[in-house]
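**Q** Fold the following, please.
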Amino acid sequence: MLPVTTFLVARDDLHRTRVRTASAAPLADGQARLVVDAFALTANNITYASFGDSMSYWAFFPTHEDGWGCIPVWGFGTVVESACEGVAVGDRFYGYFPMASHVVVEPARVKKSGFVDAVAHREPLHRLYNQYTANAGDALYDASHEALQLLFRPLFITSFVIDDWLLDGHLDGARAVLVSSASSKTAYGLAWALSLRRDGPEVIALTSARNVDFVTRLGCYDRVVTYDALESIDAATPVAYVDFAGDRALRSRLHRHFGDAMRVSLAVGASHVDASTPGPDDRDLPGAKTSFFFAPAQIKKRSDEWGADGFQRRFADAWHAFVARVGDPGRPWIRVVEAAGPEAVESVYRALLEGRAQADEGHVVSLRDGAGVERL
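**A** Okay, the predicted model is just below:
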């Protein structure tokens with residue numbers, strides 16, 4: 001029987017992990033099995049785990065083991081078995097996968113462009129995450145940039161819609177946008193988008209001392225300020241805070257420093273996972289109340305207003321421009337690091353969880369030893 005390898009994380013302690021290997025069950029009618037060729041591991045996946053219960057991320061790929069979860073990842077998968085009409089062995093898709101070597105899906109609404117996974121437990125979950133896009137005919141797909149697609153596509157769409165949301169009447173008079181965890185990919189995707197706005201707000205990076213050089217080299221922030229120097233920013237400046245760190249102590253400092261000048265406080269990620277647990281200080285902070293940003297809601301709003309094709313055209317234009325900048329051969333923003341096998345995946349996961357990952361590295365991995373990564 002086909003062995004299936006899955007990377008499991010303790011839901012109450014993200015530092016506890018184990019690898020499970022089990023035999024694959026036979027397919028039922030209407031199902032297809034995909035091998036997960038490769039996937040990206042970024043701070044975004046740590047956010048998925050941190051909000052696994054509150055945002056239902058654990059529900060996408062249930063482990064059927066009490067206390068253990070499987071973190072969703074964005075990757076490429078190839079069909080290796082099919083009992084579903086319209087989905088053929090060898091077809092390749094981009095989408096939301098488990099941190100595993102294989103996955104079984106129940107394709108519905110099958111078209112040349114892809115399908116929706118209609119497995120029962122995913123029906124209540126947001127449809128954005130249940131769509132699988134065929135490489136053939138995908139307006140965003142470029143065979144020469146597969147690794148960059150894995151690393152940035154799911155993150156940049158969040159960057160794109162936060163930029164759109166802020167400038168869609170939500171700045172509330174803010175003249176500067178503060179971006180924490182400024183070295184993270186979603187953060188500097190947002191900064192890049194904001195930097196293109198004529199007469200837009202000043203974009204201020206908040207980062208650790210060790211990442212100052214990297215964030216400065218990006219060139220998309222107007223100013224770079226270390227966490228220990230945030231009080232150097234004029235407290236009278238009306239600001240919007242976009243929080244990718246999820247650090248409650250940092251959030252409290254910013255709110256207390258700016259007071260009523262804190263016009264917007266938007267929680268997006270939790271790259272500072274050990275400091276992300278909400279505490280009593282969150283309740284009575286001065287300035288704007290903190291709200292959690294859910295990208296699919298803004299995507300739906302704009303898709304309704306612009307039409308699905310209109311949204312995709314705008315996003316595709318921004319995406320291609322962004323990837324051209326990130327992957328510029330003369331001055332690339334990151335170096336792609338590829339690895340395969342459970343030990344390699346665990347090593348990258350722990351580096352991200354513990355804040356040891358290098359900002360200028362992008363990790364593309366596979367749970368299958370020596371397979372699927374080298375072609376990227």
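**Q** C-alpha only now, for contacts and for neighbours.
**A** Noted.
**Q** Give me the distance between D309 and S232.
**A** Per C-alpha to C-alpha, to the nearest Å, D309 is found 45 Å from S232.
**Q** for Y141, that is, sorry about that
**A** Counting by C-alpha to C-alpha - Y141 and S232 are separated by 43 Å.
**Q** more crowded one of the two?
**A** Between Y141 and S232, Y141 has the larger neighbour count (other C-alpha atoms under 10 Å), namely 18 against 10.
**Q** contacting residues for the closest residue to the more buried one other than its chain neighbours?
**A** Leaving aside its sequence neighbours, Y141 sits nearest to N135 (C-alpha to C-alpha, 6 or more residues apart in numbering; 6.2 Å). Residues near N135 by C-alpha atoms under 8 Å, 6 or more residues apart in numbering: R92, F93, Y94, S113, Y141.
**Q** Now do the strands in the stretch 101-250 of the chain.
**A** With DSSP state E, counting those that start in this stretch as the criterion, the stretch 101-250 of the chain has strands at 102-105, 107-111, 114-117, 131-134, 176-179, 202-207, 223-226, 239-243.
**Q** quick one, which of those strands is packed in tightest?
**A** Highest mean neighbour count of the strands of the stretch 101-250 of the chain: strand 239-243, a mean of 26 (counted as mean count of other C-alpha atoms under 10 Å).
**Q** For that one, name the packing helices and strands.
**A** Judged by 3 or more C-alpha pairs under 8 Å, 6 or more residues apart in numbering; DSSP states H and E, strand 239-243 is in contact with strand 176-179, strand 262-267.
**Q** Now the first one - C-alpha only, CSV.
**A** Think strand 176-179. Taking Å, rounded to 0.1, in the frame of the first residue of the first chain, the C-alpha atoms of strand 176-179 are listed here in CSV:
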residue,chain,number,x,y,z
ALA,A,176,1.5,56.9,8.2
VAL,A,177,1.2,53.1,8.2
LEU,A,178,3.2,51.3,10.8
VAL,A,179,4.1,47.7,9.7
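**Q** What residues does V116 make contact with?
**A** Counted by C-alpha under 8 Å, 6+ apart, V116 has contacts E106, P107, A108, R109, V110, N130, Q131, Y132.
**Q** so which pair among these is furthest apart in space?
**A** Maximum pairwise distance in those, criterion C-alpha to C-alpha, is 12.5 Å, between V110 and N130.
**Q** sorry, back to before: using a markdown table, please lay out the helices and strands packed on strand 239-243 together with distance to L148 and mean pLDDT.
**A** As requested, the helices and strands packed on strand 239-243 are exported to a markdown table (distance: least, C-alpha to C-alpha, whole Å; pLDDT from 0 to 100):
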| stretch | distance to L148 | mean pLDDT |
| --- | --- | --- |
| strand 176-179 | 22 | 98 |
| strand 262-267 | 25 | 96 |
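**Q** Looking at the ones you listed, which is nearest to S303?
**A** Closest to S303 of the helices and strands packed on strand 239-243 is strand 262-267 (C-alpha to C-alpha; 21.9 Å).
**Q** Adjacent strands (with direction) for that closest one?
**A** strand 239-243 (parallel), strand 290-292 (parallel) (DSSP bridges).
**Q** now the longest one, how far from the centre of its chain.
**A** Strand 239-243 sits 19 Å away from the centroid of its parent chain (C-alpha atoms, centre = their mean, to the nearest Å).
**Q** quick one: the helices in this protein?
**A** Counting by DSSP state H, one finds helices in the chain at the ranges 43-50, 146-165, 185-195, 212-218, 248-258, 295-306, 308-326, 342-353.
**Q** What lies in contact with the third one?
**A** Identification of contacts with helix 185-195 by C-alpha under 8 Å, 6+ apart yields 152, 155-156, 158-160, 162-163, 179-182, 200-201, 203, 220-221, 244, 322.
**Q** Tell me where the model's unsure across the protein.
**A** In the predicted model, the chain carries pLDDT under 70 at residues 270-283, 370-376.
**Q** Domain map for it?
**A** For the chain, the structural domains run 3-139+333-366, 155-296, going by automatic domain parsing.
**Q** Out of those, which is closest to V326?
**A** Once the domains of the chain are compared by C-alpha to C-alpha, domain 3-139+333-366 is nearest, at 5.1 Å.
**Q** related to what we said a few turns ago, between the helices of the chain, which one is nearest to V87?
**A** Closest to V87 of these, according to C-alpha to C-alpha: helix 146-165, at 21.8 Å.
**Q** For stretch 198-212, measure first residue to last.
**A** One end of stretch 198-212 sits 25 Å from the other (C-alpha to C-alpha).
**Q** still on that earlier bit, can you lay out the helices of the chain as TSV showing mean neighbour count and distance to V225?
**A** What follows is these, written out as TSV (neighbours: other C-alpha atoms under 10 Å; distance: least, C-alpha to C-alpha, whole Å):
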stretch	mean neighbour count	distance to V225
helix 43-50	24	21
helix 146-165	22	20
helix 185-195	24	14
helix 212-218	17	8
helix 248-258	19	13
helix 295-306	15	27
helix 308-326	15	22
helix 342-353	18	22
